[in-house]
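just need the structure, nothing else, for what follows:
(chains A and B)
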Amino acid sequence: MKGYLKYFGKKLAWFLVTFVCAFLLNFILPRLMPGDPVAVITQRVVQGMESQSGIQRVYEQYAELFGTNKPLHEQFFLYLKNISQGNFGLSFSQYPRPVADIIQSSIWWTLCLQLPAILVGWVLGNILGALAAYLKKGFDKVIMPISIFMSNLPAFGMAIILLVIFGVSLKWFPTSGGYGFDMLPNFSWGFIWSVIVHYQLPFWSIVLIIIGGQAIGMRSMAIYELNADYVKYSRFLGIKDKKTVGYVFRNAMLPQVTGLALSIGTMVGGALVSEVVFSYPGLGSTILGGVMGQDYPLISATTLIITMMVLSTTFLIEILYGIIDPRIRAAQIE
Amino acid sequence: MKHTFKEIFHSPKFVVGFSLFMLIILIVIFYPLIVTDDPLEIIALGTFFEPGIYVNMYDSFDAEMYTLNLNDATANRIANKLGDQERLDVKDWLVAYGIPEEEIDIENTEKLMGLWINNYDSTLRFPGMTSAKRRYYVRLDASLEGLLETEGVTIAAVDTETGELQAVDTIEQSYFVNVGQVANVRLLLLGTDNFGRDTLTELVSATGTSLKIGFIAGTIATLIGLTLGLLAGYIGGIVDNIIMFFTNLFTVIPSFVLLILISYSIGQEQRGATTIAAVIGLTSWVWTTRAVRAQVISLRHRDHVNLSKLSGHSVVHIIIFDILPYIASYVVMAFILQISSGILAEAGLSILGLGPKTTEVPTLGLMMNWAMIYSAHILGKWWAYFPVVVTIALVSFSLNLMNTGLDQVFNPALRE
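The predicted model follows:
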């Protein structure tokens, strides 16, 4: 137990450090760029405006709004203070709606779509990969090429293929949105059904992509483990195959858990893009909207939220990993 | 060295991937030599022209006319205007008008047309029929007009002196032109995109740009990763700690988020293909660093390295002659994967609207971006997006296949 606490503490400290760094990057990167962001924004806003004093006033207003007329460290504390109060400022493209409000309405869509999809894809992929390694022959010959093909397809490519087949041609599922365009979010059966129907295509497009990559990884891990000395030794000792296979897959599984922790960021990035394909009302579409509307506060807040989500998930997986793998705890005690 | 190459080219996976990749590169190089059009030139007035051979109408009147008496010409002409769906629509209207269903035979064109011409009245309104549907029937009626006629079409020209129309020529229904004799024929194998650009020419050029982005991003990422990995692994100590701190940091901070932030901060005006490539390279070196470092650490205390140290060779010499050859295969494999992920990263960024400037060069991502913005996927304009997805998949598939092949050559444990 003591070993685990030490592991936990270490991971927590690391989580906090990465979080602070990510936060700093989110603050600094846009401000590091050459040129005056406020001037650029003003330029966009005042297009077609004639009066110089008017332009000057708009500029000053935005400078005040972002606090860019203050020194950098003061800006930072202002930013810190605002964000700790959940205040991300006002959106440009949907003025005067607060950014926090926009994010609040889209974050749940992303969370409820991506978290289950990544988990389901990961579990299914690992099962298929393990089966491919163990059964070999026919099964492997079928599963592997399909997995390689799927993992090479970008997430948005899979999204488009599913959309065109099941949405446009077969008309089984709607092609865009998170719920029927003629509905308002409420708790009626009609709305919930609409959400479920709209959920299918984005969900399966993410699941299929992740299955491919995970199956390949699990297959090579399992093949590696199946050839390990301890397997040969236990066969030699006459231990039943079933029992050995159980150990083999447990051992092959562990690197896959770390793999999940390390690659969750990439998966989320890909899934955000496939959200755009389905015009799913999540954070991916919010980013696109922010980019289209030159909405700097919205983009900055969205990237911060995504980073936070990814970091927390990674942290959770690592904590779980410590619980699953006894070697981790043992290593901490030494 | 020679032996290694021989072994690599005996791996079927590598050979297939390599041939596919080379084929793509050859197409990218040789296509522009044959079709010299500017890939970004807007040729079509309108969006999403279907793939096909476009024959100039004006020139085809000018070309020599041939009479071909083909039996199915009339049937084809009718089928073109009155397809299965149209026949059903006509039937629907007639039923709504009050004609008993059993009297309507949608297979019998003449009878169906007779019923339609005798009964159709564009002023009628039926309960439950939307005005869009009503307008559809008006259009259908107009297109069906004169369908059963056997007369030709008379071409008239304006007399320059009197300003009156004068019959110049009559085009019989059995007249044909030879496409080879028409002055202007344009083959649009993949139609046009939303801006009215030739999609195929654009696609080839975009593939070239995307490959270039992949190469630049891959080279930058591999160079940074290699340098940091070598430093961390070979020197160790505090240097290792610092480098690993940043590597771990950027492993967990999603690089996609950094890409979005940086690309947005650069601004639309400054974003060229090379800039995007550099940004992608700068955010994707962590995996190479990790792999190289792990390799170097296991090599660091090998006998030949120790021997080299005792012989008084410099650190640079040791790294180049005693360590690099051993990790070269890993670095090449990582480089191949970086190219592929660089191309995918550009596509992802572009779909979010953060790709290179549209007016400068086409990239695969930008083509996807515009196809999505114009809802090509929902409108069924497959030629605007599907070839792009296939190209991306093929490029990344061939690169990954090469990588798997190399992996099997260098890691005997993975061989089947």
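
how many neighbours does B:I373 have?
14 (other CB atoms under 10 Å in any protein chain shown). Any C-beta I mention is one placed from the backbone N, CA and C, and that applies to glycine too.

give me the most central residue, chain A.
A:V268 (2.3 Å; CA atoms, centre = their mean).

can you pull the contacts of that residue?
A:Q114, A:I118, A:I306, A:M309, A:V310, B:P254, B:F256 (CB atoms under 8 Å, 6 or more residues apart in numbering or on different chains).

for A:Q94, which non-adjacent residue is spatially closest?
Distances taken as CB to CB, 6 or more residues apart in numbering or on different chains put A:I102 closest to A:Q94, at 6.4 Å, once the chain neighbours are dropped.

quick one: contacts for that neighbour?
Counting by CB under 8 Å, 6+ apart, A:I102 has contacts A:S91, A:Q94, A:T286, A:L298.

what helix or strand is it on?
helix A:99-135 (DSSP states H and E).

buried residues in that helix?
Across helix A:99-135, burial judged by 16 or more other CB atoms under 10 Å in any protein chain shown covers A:99-100, A:102-103, A:106-107, A:109-110, A:113-114, A:117-118, A:120-122, A:124-126, A:128-134.

quick one, phi/psi of B:T170?
phi -120, psi 130 (degrees, to the nearest 10).

is it true that it touches B:I155?
Yes: under the criterion of CB atoms under 8 Å, B:T170 makes contact with B:I155 at 7.2 Å.

hey, where'd the strands end up in chain A?
Using DSSP state E, no strands are found in chain A.

where does pLDDT dip in it?
Low-confidence segments of chain A, defined by pLDDT under 70: A:1-2, A:32-38, A:40-41, A:44-49, A:65-69, A:95, A:180-184, A:328-334.

quick check: nearest residue in space to B:V153, chain neighbours excluded?
Nearest non-adjacent residue to B:V153, counting by CB to CB, 6+ apart: B:I171, 4.9 Å away.

which helices and strands does the helix or strand that contains B:K309 pack with?
Assessed by DSSP H and E, B:K309 sits inside helix B:303-310. Helix B:303-310 sits against helix B:315-318, with contacts defined as 3 or more CB pairs under 8 Å, 6 or more residues apart in numbering or on different chains; DSSP states H and E.

what's downstream of the helix it packs on, the next helix or strand?
helix B:324-351.

what's the closest of the contacts of A:V268 to A:I216?
Of all the contacts of A:V268, A:I216 sits closest to A:I118, with 16.3 Å by CB to CB.

chain B versus the closest one, what's the distance?
13 Å (CB to the nearest CB, to the nearest Å).

got it, and A:I319?
Counting by CB to the nearest CB - A:I319 and chain B are separated by 14 Å.

residues contacting that residue?
A:F8, A:K11.

how about a cut-off of 10 Å?
Counting by CB atoms under 10 Å, 6 or more residues apart in numbering or on different chains, A:I319 makes contact with A:Y4, A:Y7, A:F8, A:K11, A:L12, A:F15, A:A261.

and these, which of them are in helices?
Counting by DSSP state H, the contacts of A:I319 place A:Y4, A:Y7, A:F8, A:K11, A:L12, A:F15, A:A261 in helices.

the second one contacts A:P326, doesn't it?
It stands for A:Y7. No: using CB atoms under 10 Å, A:Y7 is not in contact with A:P326, being 11.3 Å away.

so which of those two has more stuff around it?
The neighbour count for A:Y7 versus A:P326, taken as other CB under 10 Å, is higher for A:Y7 (21 against 11).

where's the more buried one relative to A:A13, distance?
Distance of A:Y7 to A:A13, given as CB to CB, to the nearest Å: 11 Å.

check B:A142 too.
76 Å.

can you check B:F256 too?
From B:F256 to A:A13 the distance is 25 Å (CB to CB).

of those two, who's got more company?
B:F256 (26 against 10).

which SSE is immediately downstream of the helix or strand hosting the more buried one?
Using DSSP H and E, B:F256 sits in helix B:255-266. Next along the chain after helix B:255-266, taking DSSP H and E as the criterion, comes helix B:273-282.

quick one, the following helix or strand past that next one and helix B:255-266 angle?
Going down the chain from helix B:273-282, the next helix or strand is helix B:286-300, by DSSP H and E. With axes from the mean of the first three to the mean of the last three CA atoms, to 10 degrees applied, the angle from helix B:286-300 to helix B:255-266 works out at 120 degrees.

what about the residue lying closest to B:D159 once chain neighbours are set aside, is that helix, strand or coil?
Among residues not flanking B:D159 along the chain, B:Q166 sits closest, at 5.1 Å (CB to CB, 6+ apart). Following DSSP: H, G, I helix; E, B strand; the rest coil, B:Q166 is assigned to strand.

and B:Q166, how many neighbours does it have?
10.

check the one 4 residues further on too.
As a burial measure, the neighbour count of B:T170 was computed by other CB under 10 Å and equals 11.

next: B:Y54.
Other residues close to B:Y54 by other CB under 10 Å number 17.

so A:I103 touches A:F88, yeah?
Yes: contact status for A:I103 versus A:F88: in contact at 7.0 Å, counting by CB under 10 Å.

shared neighbours, the two?
A:L298, A:A301, A:T302, A:L304, A:I305.

closest one of the residues you listed to A:F249?
Closest to A:F249, out of all of the shared contacts of A:I103 and A:F88 and judged by CB to CB, is A:I305, at 35.9 Å.

is it true that A:P30 touches B:L261?
Yes: between A:P30 and B:L261 there is a contact under CB under 10 Å: 6.4 Å.

for those two, indicate the residue with more neighbours.
Neighbours around A:P30 and B:L261, counted as other CB under 10 Å, are more numerous at B:L261. The numbers are 24 against 18.

neighbours of the residue in the stretch 101-250 of chain B that chain A sits nearest to, how many?
Closest approach between the stretch 101-250 of chain B and chain A, counting by CB to the nearest CB: B:L249, at 5.5 Å. Using other CB under 10 Å, B:L249 has 16 neighbouring residues.

nice, that's everything, thank you.
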